[in-house]
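>>> Using only what follows, build the 3D model:
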Amino acid sequence: MTDISFLEPGLYLSVIHLEDDEIILYVHYDSGMLCSNTGTDSGVAVKLNVTQHAFQSFIDELTGIVK
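Sure, this is the predicted structure:
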């Protein structure tokens, strides 16, 4: 499992690598996860079941928009 956090806007990503090319990605919007490693009722979490290739394509599209 890999954890990635961003201080602004308070995002916390958890990546769970499964068999083959699949991953589970949790996107938490909750500063409690960042500051004290505990979830609070104030945040939202989204669970994505994707392949690594599909996720990489999504990230590439996002970075293309920002450039």
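
>>> in what helix or strand does the most centrally placed residue in the chain lie?
The centroid of the chain falls nearest to Leu13 when counting by C-alpha atoms, centre = their mean (2.9 Å). For Leu13, the element it lies in under DSSP states H and E is strand 11-17.

>>> And the next helix or strand past that strand?
Using DSSP H and E, the helix or strand that follows strand 11-17 in sequence is strand 22-29.

>>> Give me the average confidence score over that next one.
For strand 22-29, mean pLDDT rounds to 85.

>>> what do you get for stretch 49-61?
88.

>>> who touches that stretch?
21-25, 48 (C-beta atoms under 8 Å, 6 or more residues apart in numbering). From N, CA and C alone the C-beta is placed, and that goes for glycine too.

>>> For the residue lying closest to Pro9 once chain neighbours are set aside, give me its contacts.
Closest residue to Pro9 in three dimensions, ignoring its sequence neighbours and counting by C-beta to C-beta, 6 or more residues apart in numbering: Tyr29, at 7.4 Å. Applying C-beta under 8 Å, 6+ apart, we find Tyr29 in contact with 9-12, 43-45.

>>> my guess is the residue nearest to the centre of the chain contacts Ile24, does it?
No. With contact defined as C-beta atoms under 8 Å, Leu13 does not count as touching Ile24 (11.0 Å).

>>> What distance do you get for the nearest residue to Leu11 once chain neighbours are set aside to Phe55?
Among residues not flanking Leu11 along the chain, Tyr29 sits closest, at 6.1 Å (C-beta to C-beta, 6+ apart). For Tyr29, the distance to Phe55 (C-beta to C-beta, to the nearest Å) stands at 18 Å.
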